[in-house]
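Enquirer: Sharing a sequence plus its predicted fold:
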Amino acid sequence: MTAATWGLLIAVFVACFVEMVEATTIVMAMGFTRSWRSALAGTGAAIGALAVVTTIAGYALTTWLPESALQLAIGGLLLIFGLQWLRKAILRSSGRKAIHDEDQIYRDEVEAARLAGQPATGIDMFSFMVSFKGVFLEGMEVVFIVITFGLNADNIPAACVGAAAAIIIVLIIATLARRPLSMIPENLLKYGVGLLLASFGTYWAVEGTGIFRAGRESIEWPGKDAIILALIVIWYLLSRAFVAVLRVPASPTTAPTPARAAQEV
Amino acid sequence: MKFLKSFGQFWYDFIIGDDWKIAVAVVLGLTVLLGVMKADVLGDHALAVVGGIVLVVFFAISLAIDVRPTRPKR
């Protein structure tokens, strides 16, 4: 396999893994506190909706857009997503933003479920809608990453394999653990995904800017695909520099716990 | 109308997210690259490197705006 294919597999796997953990937390909260039947029905409906969106978006992108326009559009969006994840990772690592906590999210969802009153007999619409929304929103980012990475690497099957592997592994862990998946180092994984998305996004967005010149040819990077590895290293070093510059001195009340420190990068 | 508003809100949340400055930084960075490209003074490799540097600079500016000290309200 080429470096690009490995990058594709790893990026899709880790991104899908993180999004699945978040979606699973929401579905588990609804299932344990209200109705498993309704929560799973909402999950199934969201997966069906995602399949439709994937098919339509994949067809539209490959049919109507020239290559450089595709690179610019999806590179730009990947870059926005990647830099948003990287920004949060930098702010978390420097102590300026709270660490993402699945236990807290689970407690919030359980509290919301309690406030919604007793579940109705039959399909409980609260569980259904919360599960549907959670899975659909988290899934949309995965769908986007699978389509864009897959199309650019001309290897949709590899992207699907990465996503499917992540879904299966998260479901196995959730089934075995039967509690919020807070043991997963989600903040570290998000940092990694942010780096990958920012690097691939930079590569494709800059290439795609060539759509605006005569001939609509993509701008060519020195070293072609291999430059992506250099971009990952550059974004990593820059993010560490940002963390060092922005680090807030720990006060006695905000000193990181061992668990929190382990999640920091 | 309500559906259109919800539809627009969904895509805004999905693409722009909770920090609009990142999207603005990316658009501005690519616009600067477009300007340099239109000036037609650099080859492809140099253009790509300039594009990467400009994106980093705009990202750094958006972060700086994020963490700037705010004046306490009176």
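Expert: All right, it came through fine.
Enquirer: near chain B, which residues of the stretch 1-150 of chain A show up?
Expert: A:72, A:76-77, A:79-80, A:83-84, A:86-87, A:90-91, A:96, A:137, A:140-141 (CB under 8 Å from any CB of the partner chain). The C-beta positions use only the backbone N, C-alpha and C, and glycine is treated the same way.
Enquirer: Among these, name the buried ones.
Expert: With burial judged by 16 or more other CB atoms under 10 Å in any protein chain shown, the buried subset of these is A:72, A:76-77, A:79-80, A:83-84, A:86-87, A:90-91, A:137, A:140-141.
Enquirer: Make TSV out of the residues you listed and add pLDDT and secondary structure.
Expert: As requested, these are exported to TSV (pLDDT from 0 to 100; DSSP: H, G, I helix; E, B strand; the rest coil):
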residue	pLDDT	secondary structure
A:Leu72	86	helix
A:Gly76	90	helix
A:Leu77	87	helix
A:Leu79	91	helix
A:Ile80	92	helix
A:Leu83	93	helix
A:Gln84	91	helix
A:Leu86	91	helix
A:Arg87	91	helix
A:Ile90	89	helix
A:Leu91	88	helix
A:Leu137	84	helix
A:Met140	84	helix
A:Glu141	79	helix
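Enquirer: List the contacts of residue 44.
Expert: I went with chain A, as the question did not name one. Contact analysis of A:Gly44 by CB atoms under 8 Å, 6 or more residues apart in numbering or on different chains lists nothing.
Enquirer: nope, chain B
Expert: Per CB under 8 Å, 6+ apart, neighbours of B:Asp44: A:219-220.
Enquirer: One more pass at 10 Å, please.
Expert: A:207, A:210, A:217-222, B:37 (CB atoms under 10 Å, 6 or more residues apart in numbering or on different chains).
Enquirer: in chain B, which ranges drop under the pLDDT threshold?
Expert: Low-confidence segments of chain B (pLDDT under 70): B:70-74.
Enquirer: For chain B, just list every one of the helices.
Expert: B:2-15, B:20-39, B:44-67 (DSSP state H).
Enquirer: Likewise for the stretch 101-250 of chain A?
Expert: Assignment of helices within the stretch 101-250 of chain A using DSSP state H, counting those that start in this stretch yields the ranges A:102-115, A:125-152, A:156-177, A:186-208, A:227-246.
Enquirer: Next, give me the two most distant ones among the residues of the stretch 1-150 of chain A next to chain B.
Expert: Pairwise distances across those peak at 32.1 Å for A:Leu72 and A:Arg96 (criterion: CB to CB).
Enquirer: picking that back up, nearest to B:Ala23, out of the buried ones among the residues of the stretch 1-150 of chain A next to chain B: which one, please.
Expert: A:Ile80 (5.1 Å).
Enquirer: neighbours around the closest residue to A:Leu72 other than its chain neighbours, how many?
Expert: Spatial nearest neighbour of A:Leu72, excluding adjacent residues (CB to CB, 6 or more residues apart in numbering or on different chains): A:Gly208 at 2.8 Å. Residues within reach of A:Gly208, counting by other CB atoms under 10 Å in any protein chain shown, total 25.
Enquirer: A:Gly208 contacts A:Ser218, correct?
Expert: Yes: using CB atoms under 10 Å, A:Gly208 makes contact with A:Ser218 at a distance of 6.4 Å.
Enquirer: who touches residue 43 in this structure?
Expert: No chain in the question, so chain A it is. A:23-24, A:26-27, A:30-31, A:128, A:131-132, A:134-136, A:139.
Enquirer: The intended chain is chain B.
Expert: So B:Gly43 contacts A:219-220, A:222 (CB under 10 Å, 6+ apart).
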